[in-house]
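J.: Mind looking at a prediction? Sequence and model below.
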Amino acid sequence: MAWIALFFAGMSEIIWAAAMKQSAGFTRLGPSVITLAGMVVSVALLGWAMKTLPLGTAYMIWTGIGAIGAFLVGMVLFGEAVTPLRCGAALLILSGLILMKWSA
């Protein structure tokens, strides 16, 4: 169950990051509320997962899911640059996540 909670914590991180982008510096109410709610859900699920998972593993997986997800959302929804170097960097992060999961 901890891994499932951690996965959803990471997904919540993607949601709040995308909503923060849309909040225009917290000047738009709807996206600002989604950002804050997503943060609370994300950290709460992370805390629950950390009851059984090692700190370093849980934190790395959580931030990695958020980083890769935000990277993909940025490209798909916000038209951010898709370059070989950026994609290579994302693949390195993904490789680290896989290795961390295998080591846990």
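T.: Ah, there it is.
J.: And for the helix or strand bottoming out on mean pLDDT in the chain, what's in contact with it?
T.: None of the helices or strands of the chain scores lower by mean pLDDT, DSSP states H and E than helix 84-103, at a mean of 92. Residues outside helix 84-103 that contact it (C-beta atoms under 8 Å, 6 or more residues apart in numbering): 56-57, 60-61, 64-65, 67-68, 71. All C-beta spots, glycine's among them, are computed from the backbone N, C-alpha and C.
J.: again, only using 10 Å
T.: Contacts to helix 84-103, defined as C-beta atoms under 10 Å, 6 or more residues apart in numbering, come from residues 3, 6, 10, 54, 56-65, 67-68, 71-72, 74-75, 80, 83.
J.: Are any of the residues you listed buried, and if so which?
T.: By neighbour count, with 16 or more other C-beta atoms under 10 Å, these hold 6, 10, 57-62, 64-65, 67-68, 71, 74 as buried.
J.: Dump those into JSON lines; add distance to Trp48, pLDDT and secondary structure as well.
T.: Shown next, in JSON lines, are the buried ones among the contacts of helix 84-103 (distance: C-beta to C-beta, whole Å; pLDDT from 0 to 100; DSSP: H, G, I helix; E, B strand; the rest coil):
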{"residue": "Leu6", "distance to Trp48": "9", "pLDDT": "97", "secondary structure": "helix"}
{"residue": "Gly10", "distance to Trp48": "13", "pLDDT": "97", "secondary structure": "helix"}
{"residue": "Thr57", "distance to Trp48": "15", "pLDDT": "91", "secondary structure": "helix"}
{"residue": "Ala58", "distance to Trp48": "10", "pLDDT": "94", "secondary structure": "helix"}
{"residue": "Tyr59", "distance to Trp48": "14", "pLDDT": "95", "secondary structure": "helix"}
{"residue": "Met60", "distance to Trp48": "17", "pLDDT": "93", "secondary structure": "helix"}
{"residue": "Ile61", "distance to Trp48": "14", "pLDDT": "93", "secondary structure": "helix"}
{"residue": "Trp62", "distance to Trp48": "12", "pLDDT": "96", "secondary structure": "helix"}
{"residue": "Gly64", "distance to Trp48": "18", "pLDDT": "94", "secondary structure": "helix"}
{"residue": "Ile65", "distance to Trp48": "15", "pLDDT": "95", "secondary structure": "helix"}
{"residue": "Ala67", "distance to Trp48": "21", "pLDDT": "95", "secondary structure": "helix"}
{"residue": "Ile68", "distance to Trp48": "22", "pLDDT": "96", "secondary structure": "helix"}
{"residue": "Phe71", "distance to Trp48": "25", "pLDDT": "97", "secondary structure": "helix"}
{"residue": "Gly74", "distance to Trp48": "28", "pLDDT": "97", "secondary structure": "helix"}
